[in-house]
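[1] What follows is a predicted protein model with its sequence.
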Amino acid sequence: MDRSKAIISVKNLVKTYDDFTAVKGISFDVYENEIFGLLGPNGAGKTTTLEIIETLRAKTSGEITVDGFSVDHDAGAIKQIIGVQLQAAGYYPNLNLVELMELFSGLYGVDIKPMDMLEKVNLQDKAKAKYKALSGGQKQRFSIATTLINSPKIIFLDEPTTGLDPQARRNLWDLISEIRSNGTTVVLTTHYMDEAEQLCDRVAFVERGEIIALDTPDQLIDNLINSGFERKKEVKKANLEDVFINLTGQEWREG
Ligand SMILES: Nc1ncnc2c1ncn2[C@@H]1O[C@H](COP(=O)(O)OP(=O)(O)OP(=O)(O)O)[C@@H](O)[C@H]1O
């Protein structure tokens, strides 16, 4: 992560829906090549914020730049350098994964090798499968592959691991880390605190349209401990999820 360079800058972002204010003047930067998490309860305003940055939703007020481009004047340029997960409804049911990749690369106007994209997310064995025949984890991996088609500088992942089993989640964390290692900035939303702790360089807690904390997971935890907080119960060195992973193995096995 390069702290000297903000690749996304959000200043005083406000979004109102009729008389309801969903986002109440939030400001934050995302640094180049970090994994940045937006955390918070249902309805906090995470998806709204993401979609405004992605230029898919209009803001009410505030200023946003993405890699120096303004969402007000340069939405087209922003779309070229970001990767966004497509809605599953866009995955035509009669096409297999290779054919879908060909279709999407055509839409982006880029020339990619579909098998290379599928290999990036370890779905080469499913090249001829239809999307609906994939497991939950495989569907998510395919969806992440579609964000990489235009070799974006930044990808946005909205709850990438919701509904997945522990192995599939950990596999996806590895994939997201690998994407970052290859130089891509990642902005994600999640409800899972273990995910944020393991994966994110920095997290912003959003509640009722406001950012109530923003820092590295480590610093946020240290701040809490320094304030005198103590867990009521002694924590064991492993938890039930570790038992599950230990019993069932960690390899890719959702096929
Ligand atoms: N198109 C819309 N019209 C009216 N209200 C909306 C619209 N979209 C979102 N909202 C409201 O704005 C608030 C924020 O919604 P948003 O989807 O951004 O929350 P979220 O933090 O992503 O929640 P979740 O974790 O459930 O996905 C919610 O109260 C929601 O009902």
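    That came through fine.
[2] ok, residues contacting the top helix by length along the chain?
    If you go by DSSP state H, the chain has its longest helix at helix 166-181. Here helix 166-181 makes contact (C-beta atoms under 8 Å, 6 or more residues apart in numbering) with 33-35, 121-122, 135-137, 140-141, 144, 148, 155, 157, 160-161, 164, 186, 188, 192, 195, 198-199, 241, 244-245, 248-254. No exception for glycine: its C-beta is placed from N, CA and C like everyone else's.
[3] the helices in the stretch 1-150 of the chain, which residues?
    46-53, 75-81, 97-108, 114-120, 136-147 (DSSP state H, counting those that start in this stretch).
[4] Packing partners of the third one?
    Spelled out, it's helix 97-108. helix 114-120, helix 136-147 (3 or more C-beta pairs under 8 Å, 6 or more residues apart in numbering; DSSP states H and E).
[5] and of the helices of the stretch 1-150 of the chain, who's closest to the ligand?
    helix 46-53 (3.2 Å; C-beta to the nearest ligand atom).
[6] Just confirm yes or no for that closest one near the ligand.
    Yes - Helix 46-53 is in contact with the ligand by C-beta under 6 Å from any ligand atom, via 46-48.
[7] Let me know which of the helices and strands packed on helix 97-108 is tucked in deepest.
    Each of the helices and strands packed on helix 97-108 was scored by mean neighbour count; the highest is helix 136-147, a mean of 22, by mean count of other C-beta atoms under 10 Å.
[8] by contact count, what packs against that helix?
    In terms of contacts (3+ C-beta pairs under 8 Å, 6+ apart), helix 136-147 is packed against strand 82-84, helix 97-108, helix 114-120, strand 154-158, helix 166-181.
[9] got those as CSV, with mean pLDDT and distance to the ligand columns?
    Listed next are these as CSV, based on pLDDT from 0 to 100; distance: least, C-beta to the nearest ligand atom, whole Å:
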stretch, mean pLDDT, distance to the ligand
strand 82-84, 94, 15
helix 97-108, 91, 24
helix 114-120, 91, 27
strand 154-158, 95, 7
helix 166-181, 90, 17
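[10] Format those as a markdown table; extra columns: distance to Val14.
    Shown next, in a markdown table, are these (distance: least, C-beta to C-beta, whole Å):
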| stretch | distance to Val14 |
| --- | --- |
| strand 82-84 | 22 |
| helix 97-108 | 31 |
| helix 114-120 | 37 |
| strand 154-158 | 20 |
| helix 166-181 | 30 |
